[in-house]
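Colleague: kindly return the folded structure for what I paste below:
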Amino acid sequence: MGKSVFITGAAAGIGRATARRFAELGYTVGGYDLDEAGLATLATEITALGGTPVTGHLDVTDYAELSQRITEFTAATGGRLDLLINNAGILRSGRFPDIDITAQQRMIDINCKGVTNGCHAAYPALRDTPGATVINLCSASAIYGQPELAVYSASKFFVRGLTEALDLEWGADDIRVIAMWPLYVQTAMTDGVHTGTTASLGVNLTAEDVVAAIVAAAEPGPLQRLLHVVHFPVGRQTALMAGAVRFSPAWLTRLVNKRLARL
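Modeller: I've put the predicted structure just below:
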């Protein structure tokens, strides 16, 4: 059978655009989300683009449901799971004490627990698929903790650490684990987000920009394979910031982030 990709948070935004692109590439596309109406239209689009859709309801915080969806998907793909894309995530912005604690905890549940559940539930299928890859949606906010995005930023530091650890741990199983690092993207997630960094840096990336980076990272070039690149900045702004912080002293990194946040 052909290659397969399992995508969480696939009904809209980056997840939907990613599902459409891999459909064009001929993948069996597993699209999963809480939004079942969105998934229904996605399945129609995937079929029209030449892909094979497998869709279903998914709450990534529910490990039992996620495991069941992985089992159903791999049953439809002959056991193959070439790509797991942990895309599901939420964002709430504002000063830390002004955001309700329930909303803060919900970000942790989806952004951290959801990625953990996805990796753990998918591991057997990834292990049994030669050259499998896990792609975790991280963020430029994992370069340095971001004011007005404190918990969201912290959740992406979690994704960063988990990605690095599993890439080392699962290398013996021929599984790559990598992370995509976009800055602000023009999707529903950033609608109504007004922070110091959105004002100073703008919201310049599109979902298609992120998808192009995901597709390129899924099939790395010879140099990227040689260097075993784990983190993939998306867009020039993120690339510049990620590069600069490697050589910047801690006090300067803090000062730059303070200025960008307009504090």
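
Colleague: which stretches of this structure have low pLDDT?
Modeller: 1 (pLDDT under 70).

Colleague: next helix or strand past the helix of greatest length in it?
Modeller: Looking across the chain with DSSP state H, the single longest helix is helix 150-169. Using DSSP states H and E, the helix or strand that follows helix 150-169 in sequence is strand 175-182.

Colleague: quick one: list the elements packing against that following strand.
Modeller: Strand 175-182 makes packing contacts with helix 114-127, strand 132-137, helix 150-169, helix 207-218, strand 231-234, helix 236-245 when contacts are defined by 3 or more Cβ pairs under 8 Å, 6 or more residues apart in numbering; DSSP states H and E. C-beta: built from backbone N, CA, C; applies to glycine.

Colleague: how far off helix 207-218 does it point, in degrees?
Modeller: 150 degrees (axes from the mean of the first three to the mean of the last three Cα atoms, to 10 degrees).

Colleague: just the residues contacting the helix or strand following strand 175-182, thanks.
Modeller: Heading C-terminal from strand 175-182, the first helix or strand you meet, by DSSP H and E, is helix 196-201. With Cβ atoms under 8 Å, 6 or more residues apart in numbering as the test, helix 196-201 has contacts from 146-149, 183-184, 190, 237, 259-263.

Colleague: change it to 10 Å
Modeller: 93, 140-141, 146-149, 183-184, 190, 195, 203, 237-238, 241, 257-263 (Cβ atoms under 10 Å, 6 or more residues apart in numbering).

Colleague: swap in stretch 246-256?
Modeller: By Cβ under 10 Å, 6+ apart, the list of residues contacting stretch 246-256 reads Ile143, Tyr144, Gly145, Met241, Ala244, Val245.

Colleague: now that stretch: how far from the chain's centre is it?
Modeller: Centroid separation between stretch 246-256 and its chain, computed with Cα atoms, centre = their mean, to the nearest Å, is 26 Å.

Colleague: list the buried residues of it.
Modeller: Using 16 or more other Cβ atoms under 10 Å as the test for burial, stretch 246-256 gives Thr253.

Colleague: equivalent analysis for stretch 254-263, please.
Modeller: Applying 16+ other Cβ under 10 Å to stretch 254-263 flags Asn257, Leu260, Ala261 as buried.

Colleague: how far off centre is stretch 145-165?
Modeller: 12 Å.

Colleague: run through the helices of the stretch 1-150 of the chain in chain order.
Modeller: Assigned by DSSP state H, counting those that start in this stretch, the helices in the stretch 1-150 of the chain fall at 13-24, 36-48, 63-76, 101-108, 114-127, 150-169.

Colleague: who touches the closest residue to Ala11 other than its chain neighbours in this structure?
Modeller: Using Cβ to Cβ, 6 or more residues apart in numbering and skipping the chain neighbours, the partner closest in space to Ala11 is Gly38 (3.1 Å). Each residue near Gly38 by Cβ under 10 Å, 6+ apart is listed here: Ala10, Ala11, Ala12, Gly13, Gly15, Arg16, Gly31, Thr55.
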